[in-house]
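Engineer: Build the 3D model from these lines:
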Amino acid sequence: MLSSYQNNPILIVEDNPVDLDLTLRAFSARKLANPIQVARDGEEALAFIPRWEEGSPIPVVILLDLNLPKINGLEVLQVLKSHPDFKTIPVVILTTSSESSDMKSAYRLGVNSYIIKPVDFEKFIDMAKQIELYWNVINKPCEST
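Structural biologist: This next block holds a predicted model:
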């Protein structure tokens, strides 16, 4: 199960084109094997749920920005973590916000990790490496029912 799960997509939920490009370049530099899916706002992110219900591959991890148009990241997190089938998908907040209220809210809603986006590209690549190693090698995913 793990080997097929490792090939599941990573869903990046990011509205800022510069941050999205930086994230994609960091993963590309790491030669990440997982396909990348992108949602540019909270509404697009939640539109993946019916696809997963119909059998589309579930992400190995979701990288979720907080400040999103249409539906903000905390609302997306709440919907994901309250879904009976998809609440075990690991969600990592990847944001510029270092506000303690945002962090507390995210952890109360069940986020798996909270990362403040690095500004420097080399640090961004290192972050991508750590995400890849943790979620694809070290972490043992919960098998879907």
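Engineer: what bits of the protein have low per-residue confidence?
Structural biologist: For the chain, applying pLDDT under 70 flags the ranges 1-6, 132-145.
Engineer: any idea where the helices of it begin and end?
Structural biologist: Assigned by DSSP state H, the helices in the chain fall at 2-6, 17-29, 42-46, 48-53, 73-82, 100-109, 121-133.
Engineer: of all the ones you listed, which lies closest to residue 60?
Structural biologist: Closest to residue 60 of the helices of the chain, according to CB to CB: helix 2-6, at 6.2 Å. From N, CA and C alone the C-beta is placed, and that goes for glycine too.
Engineer: Show me the beta-bridge partners of residue 63.
Structural biologist: Note on residue 63: beta-bridge partners by DSSP bridges are residue 12, residue 92.
Engineer: Make 506 the starting number, not 1.
Structural biologist: That works, and once the first residue is 506, the last one we named lands at residue 568.
Engineer: Quick one: residues contacting the closest residue to residue 588 other than its chain neighbours.
Structural biologist: In this structure, residue 588 finds its nearest non-sequential neighbour in residue 554, 6.6 Å apart by CB to CB, 6 or more residues apart in numbering. By CB atoms under 8 Å, 6 or more residues apart in numbering, the contact set of residue 554 is 584-585, 588, 591.
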